[in-house]
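In: model this:
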Amino acid sequence: MTQLTGQAATDDDVVHLTVPADGGYLGVLRTATAGLAARLQFALDEIEDLRIAVDEACAMLLAIATRDAELECRFAVTEDALTVEVTVPTVRGATLPAESSFAWKVLTALTTSASATSAGDRATIALLTRRSGGY
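Out: Residues are numbered from 1 along each chain as shown. Presented below is the predicted three-dimensional model:
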């Protein structure tokens, strides 16, 4: 398995979390994000930025999710980075906001990189955040 960082990950470095595609469950994903980022010794402001980015990515996906869908979240941990991939089944013909939208501006401002893919009836947003130096 390869991550956006180009570094190989072992199964011990990956956490999978699935929750109902409902805004009431986003706190679970935000908490998991903060816990993993803290484990990597991210600074407090980096942790908060990543929590906000995950929340924004999930909100974008919830807007196009099918009824009774599940939000699948994959966290990949490396020595200095955390990759978060969130996937949801989408309604027919649904599209994510354009990369020029405010939502994408938020994602790219709060993370090292952000990308989206759509294949068939599923959409995925991937966020990569590298820990800043000096820790």
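
In: drop to CA atoms for contacts and neighbour counts, all remaining ones
Out: Will do.

In: for the helix or strand hosting I52, buried residues please.
Out: Assigned by DSSP states H and E, I52 belongs to helix 44-62. Of all the residues in helix 44-62, those buried under the rule 16 or more other C-alpha atoms under 10 Å are 46-62.

In: contacts for that helix, please.
Out: In this structure, residues lying in contact with helix 44-62 by C-alpha atoms under 8 Å, 6 or more residues apart in numbering are 21-23, 26, 29-31, 33-34, 37-38, 84, 86-88, 96-97, 103, 106-107, 110-111, 123-125, 127, 129, 131.

In: in strands, which of the residues you listed appear?
Out: V84, V86, T87, V88, A123, T124, I125, L127, T129 (DSSP state E).

In: how deep is the fifth one tucked in, by neighbour count?
Out: The criterion is other C-alpha atoms under 10 Å. On that basis, A123 has 21 neighbouring residues.

In: low-confidence stretches in the protein?
Out: The model of the chain has pLDDT under 70 over residues 1-12, 133-135.

In: spatially central residue in it, please.
Out: Centroid-nearest residue in the chain: V84, 3.6 Å away (criterion: C-alpha atoms, centre = their mean).

In: who's in contact with it?
Out: Here V84 is in contact with V54, C73, R74, F75, A76, A126, L127, L128 (C-alpha under 8 Å, 6+ apart).

In: go again with 7 Å.
Out: C73, R74, F75, A76, A126, L127, L128 (C-alpha atoms under 7 Å, 6 or more residues apart in numbering).

In: what of A38?
Out: Here A38 is in contact with no residue (C-alpha under 7 Å, 6+ apart).

In: ok, L128 to A37 distance?
Out: Relative to A37, L128 is positioned 11 Å away (criterion: C-alpha to C-alpha, to the nearest Å).

In: between these two, tell me which one has more neighbours.
Out: A37 (26 against 23).

In: roughly how far does T66 sit from V54?
Out: 19 Å.
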